[in-house]
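Engineer: predicted structure and sequence below. I'll ask about it afterward.
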Amino acid sequence: MRWTASMEKIVDGHARRAISVPATELTPPYILIHIGHDDFSQQCEELPVDQCFAPLSAITSQVSEVQEELRTRKGIDVKHVIM
């Protein structure tokens, strides 16, 4: 995805605060995930939300796969995950 420079600056500021990056350091690589259960809960129909959506263990596994792919394909070691 592409963002405007002003949007990137806003996101960078939030990310830096979330992972406690001092103003004197560059923002390290990070993975940002949005799990908007409220956004899609109507899709669950009769199921309780905790049974409708993927468990945290599945999300953790997927994030690990993305981290490994970034390491393997791009040589980027992403240690920070913001959810």
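Structural biologist: Here it is on my side, so go on.
Engineer: use CA for all of it now, contacts and neighbours both
Structural biologist: Fine.
Engineer: so how far is I35 from C44?
Structural biologist: 15 Å (C-alpha to C-alpha, to the nearest Å).
Engineer: compare neighbour counts for the two and give me the winner.
Structural biologist: C44 (14 against 11; other C-alpha atoms under 10 Å).
Engineer: what's the neighbour count on the spatially closest residue to that one that is not a sequence neighbour?
Structural biologist: Leaving aside its sequence neighbours, C44 sits nearest to C52 (C-alpha to C-alpha, 6 or more residues apart in numbering; 5.7 Å). For C52, the neighbour count with other C-alpha under 10 Å is 15.
Engineer: now do Q67
Structural biologist: The number of residues packed near Q67 is 19, by other C-alpha under 10 Å.
Engineer: tell me where this structure has strands.
Structural biologist: Using DSSP state E, the strands found in the chain span residues 30-32, 80-82.
Engineer: surely H80 touches I33?
Structural biologist: No: using C-alpha atoms under 8 Å, H80 is not in contact with I33; the gap is 11.1 Å.
Engineer: more crowded one of the two?
Structural biologist: Set side by side, H80 and I33 show more neighbours around H80, with 15 against 11, by other C-alpha under 10 Å.
Engineer: okay, and the beta partners of the more buried one?
Structural biologist: Beta bridges link H80 to Y30 when assigned by DSSP bridges.
Engineer: how close does it sit to T72?
Structural biologist: 17 Å.
Engineer: what of I31?
Structural biologist: Separation of I31 from T72 (C-alpha to C-alpha) stands at 16 Å.
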